[in-house]
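J.: how would this look folded up:
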Amino acid sequence: MDETWLCHYDSETKQQSMEWRHSGSPHPKKFRMQNSAGKVLTSIFWDQDSIILIDYLPKGQTINAEYQSSLLVKLKDILKEKRCGKITKGVLFLHDNTPVHRALARQKKLAYLGFQCLDHAPYSPDPGPVGLPPVPWTAKQLEGRHFSSGAEVIAAAETWLDGQPSEFFFFLEVLQKLEQQAKKCIELRGE
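T.: Predicted coordinates:
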């Protein structure tokens, strides 16, 4: 699982705003952009096959261990429905080391639901693959676009995600890469 903020407006990246100009031409005037007036926190849960659950934090609600725990219950229910015959050995759960993910209440909920949490090695670079799909790509697709509400941002994200074939996100390939990185870390004893 991974999370990202989807903003009502993200200014262009340096790459998007680059222009070809003659050496003697004046530099374009750039105005200071203000950050987006609004944003929506998106949590995406996925496995080797596809996206399992996408959740958007309701406006005014705080992301805390209680909210995260309710998401885990929702995930368990969806897993029973979508992956009924595949979960015979249990669920390995990977997320980053943010404080809300390490909260005791959330850890207890993971254990209660039968999810085995994969810990990150202490004092080592994040062994997870850079840019877990599909989270960064979703936010990147919305850069430079204006939305008047959270509902418009969500609709645009959903439309983009629905339009992508599952192979686009290379879910299985990312998980295999993660397994290789973990084995290498174990062989080198964290060095």
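
J.: could you check the pLDDT of residue 70?
T.: Per-residue confidence for residue 70 comes out at a pLDDT of 90.

J.: how near is it to residue 53?
T.: Residue 70 is 12 Å from residue 53, where distance means C-beta to C-beta, to the nearest Å. All C-beta spots, glycine's among them, are computed from the backbone N, C-alpha and C.

J.: which one's more surrounded, those two?
T.: Per other C-beta atoms under 10 Å, whichever of residue 70 and residue 53 has more neighbours is residue 53, with 16 against 12.

J.: surely that one is within a strand?
T.: Yes - assessed by DSSP: H, G, I helix; E, B strand; the rest coil, residue 53 belongs to a strand.

J.: all further residue positions should be reported with the first residue as 54.
T.: Sounds good: first residue 54 from here, last item residue 106.

J.: show me what it is bridged to.
T.: Listed beta-bridge partners, residue 106: residue 98 (assigned using DSSP bridges).

J.: distance of it from residue 240?
T.: In terms of C-beta to C-beta, residue 106 sits 34 Å off from residue 240.

J.: give me every residue that touches residue 144.
T.: Residues near residue 144 by C-beta atoms under 8 Å, 6 or more residues apart in numbering: 132, 167, 168, 169.

J.: enumerate every residue touching the second one.
T.: When contacts are counted by C-beta under 8 Å, 6+ apart, residue 167 touches 129, 143, 144.

J.: from residue 227, how far out is it?
T.: As for residue 167, its distance to residue 227 is 24 Å (criterion: C-beta to C-beta).

J.: just the strands in the chain please.
T.: Using DSSP state E, the strands of the chain run over residues 55-60, 92-99, 104-109, 144-146, 168-170.

J.: grab the nearest non-local neighbour of residue 158.
T.: residue 118 (4.0 Å; C-beta to C-beta, 6 or more residues apart in numbering).

J.: correct me if wrong: that neighbour contacts residue 152.
T.: No - between residue 118 and residue 152 there is no contact under C-beta atoms under 8 Å: 9.1 Å.

J.: more neighbours, those two?
T.: More neighbours surround residue 118 than the other of residue 118 and residue 152, with 18 against 9 (other C-beta under 10 Å).

J.: who touches the more buried one in this structure?
T.: Here residue 118 is in contact with 153, 156, 157, 158, 159 (C-beta under 8 Å, 6+ apart).

J.: do you know the pLDDT at it?
T.: In this prediction, residue 118 carries a pLDDT score of 80.

J.: pull up the gap between it and residue 130, please.
T.: When residue 118 is compared with residue 130 (using C-beta to C-beta), they lie 19 Å apart.

J.: now do residue 199
T.: Taking C-beta to C-beta, one finds residue 199 at 36 Å from residue 130.

J.: hang on, the earlier thing: now the contacts of residue 144: which count as buried?
T.: Neighbour-count burial (16 or more other C-beta atoms under 10 Å) applied to the contacts of residue 144 gives 132, 168.

J.: what two of the contacts of residue 144 are the furthest from one another?
T.: 132 and 169 (13.5 Å; C-beta to C-beta).
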